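S.K.: Got a predicted model here, sequence first, then my questions.
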Amino acid sequence: MKILVVEDDENIIIPIEEYLDEQNYIVEVASDGQAAREFLDVFDYDLIVLDIMLPKLDGISLCQQLRANGCKTPILMLTARDTIQDRVKGLDAGADDYLIKPFDLEELSARVRALLRRGETSLPPVLTWGDLSVDPSSCEVTYKQQILSLSPKEYRY
């Protein structure tokens with residue numbers, strides 16, 4: 001699963017990227033709304049994690065543009081803006097979920113899993129070559145029907 005994280009604070013980007021990478025997600029990062037828009041014009045993502053306060057193009061405007069253009073990719077707003085009005089504005093702009101900073105990485109991960117379950121993305125097929133099978137949706141590798149214990153780095157390669 002491929003996730004675009006749109007965040008301008010490196011103190012937040014690095015832990016998110018490392019944590020999601022450990023869980024076998026492919027993570028790409030954009031540090032402003034305009035860069036995110038360019039990524040989204042070229043690549044497909046299974047989920048977008050989007051800050052509201054961004055340089056060049058704010059998260060609310062980006063979310064509204066994406067939805068107006070028919071984008072169905074689940075969007076998780078991740079922001080320090082914590083009033084009820086801010087949450088309503090984010091959700092009304094088209095976000096599927098809203099998480100307030102500071103947050104726990106385990107909660108972020110649970111919300112990511114929940115949004116990916118609800119998303120319209122189809123599960124990738126199980127890849128089989130002889131006795132070897134790889135299930136990308138569960139990140140499980142089996143050989144002769146025995147599960148192989150692989151580290152995230154081993155699985156990636």
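M.R.: Okay, I see it.

S.K.: could you show me where the strands are in the protein, in order?
M.R.: Secondary structure of the chain by DSSP state E: the strands cover 2-6, 26-30, 47-50, 75-79, 97-100, 127-129, 132-135, 140-143, 146-148.

S.K.: Please identify the most buried of those strands.
M.R.: Neighbour counts (mean count of other Cβ atoms under 10 Å) averaged over each of the strands of the chain peak at strand 47-50, with a mean of 27. Using the backbone N, CA and C atoms, a C-beta is placed for each residue, glycine as well.

S.K.: Can you check the pLDDT for the residue positioned nearest the centre of the chain?
M.R.: The chain has residue 3 as the residue nearest its centroid, 3.3 Å off, counting by Cα atoms, centre = their mean. If you check residue 3, the pLDDT there is 94.

S.K.: again with residue 61
M.R.: pLDDT, residue 61: 95.

S.K.: Then residue 123?
M.R.: 55.

S.K.: that older thread, can I get the strands of the chain in TSV with distance to residue 41?
M.R.: Compiled in TSV, the strands of the chain are given as follows (distance: least, Cβ to Cβ, whole Å):
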stretch	distance to residue 41
strand 2-6	12
strand 26-30	12
strand 47-50	13
strand 75-79	16
strand 97-100	23
strand 127-129	29
strand 132-135	30
strand 140-143	33
strand 146-148	38
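
S.K.: The chain: helices as residue ranges?
M.R.: Applying DSSP state H to the chain gives helices spanning 10-22, 33-42, 59-68, 84-92, 105-118, 152-156.

S.K.: most tightly surrounded among these?
M.R.: helix 59-68 (a mean of 19).

S.K.: Tell me which residues touch the nearest residue in space to residue 150 that is not next to it in sequence, please.
M.R.: Leaving out its chain neighbours, the residue that sits closest to residue 150 by Cβ to Cβ, 6 or more residues apart in numbering is residue 141, at 5.8 Å. Neighbouring residues of residue 141 by Cβ atoms under 8 Å, 6 or more residues apart in numbering: 132-135, 147-148, 150, 155.

S.K.: Show me the shaky parts of the chain.
M.R.: Across the chain, the ranges flagged by pLDDT under 70 are 119-124, 137-138, 157.

S.K.: okay, now the domains of it?
M.R.: Residue ranges for the domains of the chain, per automatic domain parsing: 2-118, 127-156.
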